[in-house]
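1. build me a model from this:
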Amino acid sequence: MIEIVTKRLLDNIYTLEKDIFQKEAYSYENFKQMFENDRYIFLVDKEITSYLILYDAIELYEVIKIGVLQNERGKGRAKALFQFYLDNFTQDLFLEVKETNHTAIGLYKKIGFKEISKRKNYYSNGETAVIMQLKNKTI
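-> Model prediction:
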């Protein structure tokens, strides 16, 4: 079961963020600021093993971050988060992913995302970003 995160779960979700992303985790303050901004939506599974952060960019939603605990990967958690979104919202989804992150790109394609563009030298290390779109109601 997926739910929209309430304040009572924020600390749990942040602990999950640190466990998954370690050195690349957002700061607690940054996390809290996003949570307090109405344009961001945090989705989490019932077991608190995966979450999805989305940004309302008016006519579409942008995937800011998705996290799944290492030992929970491959169990359909990411797909369930995206399916919850598609069942409850109408806008298409967009995301950016490093071109070298073949695992993530494969997952997104399996879910139904399509590559629509690339941004050369997008990341601070010079990597290219792959821009992907998921048309609503495609899973």
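2. give the other helices and strands that the helix-or-strand element of the chain with minimal mean pLDDT contacts.
-> When the helices and strands of the chain are scored by mean pLDDT, DSSP states H and E, strand 2-4 comes last with a mean of 84. Judged by 3 or more CB pairs under 8 Å, 6 or more residues apart in numbering; DSSP states H and E, strand 2-4 is in contact with strand 40-45, helix 77-88. Just so you know, the C-beta spots here come from the backbone N, C-alpha and C atoms, and that holds for glycine as well.
3. mean neighbour count, these: which tops it?
-> strand 40-45 (a mean of 20; mean count of other CB atoms under 10 Å).
4. and the strand or helix carrying residue 33, how far from the chain's centre?
-> In the assignment (DSSP states H and E), residue 33 maps to helix 28-36. Taking CA atoms, centre = their mean, to the nearest Å, the mean C-alpha location of helix 28-36 is offset from the chain mean by 15 Å.
5. tilt between it and strand 40-45?
-> 100 degrees (axes from the mean of the first three to the mean of the last three CA atoms, to 10 degrees).
6. returning to that earlier point: looking at the helices and strands packed on strand 2-4, which is nearest to residue 122?
-> Of all the helices and strands packed on strand 2-4, strand 40-45 sits nearest to residue 122, with 21.3 Å by CB to CB.
7. what is the rounded mean pLDDT of that closest one?
-> For strand 40-45, mean pLDDT is 94.
8. so what's the backbone phi/psi at residue 106?
-> Dihedral angles of residue 106 (phi, psi; degrees, to the nearest 10) stand at phi -60, psi -40.
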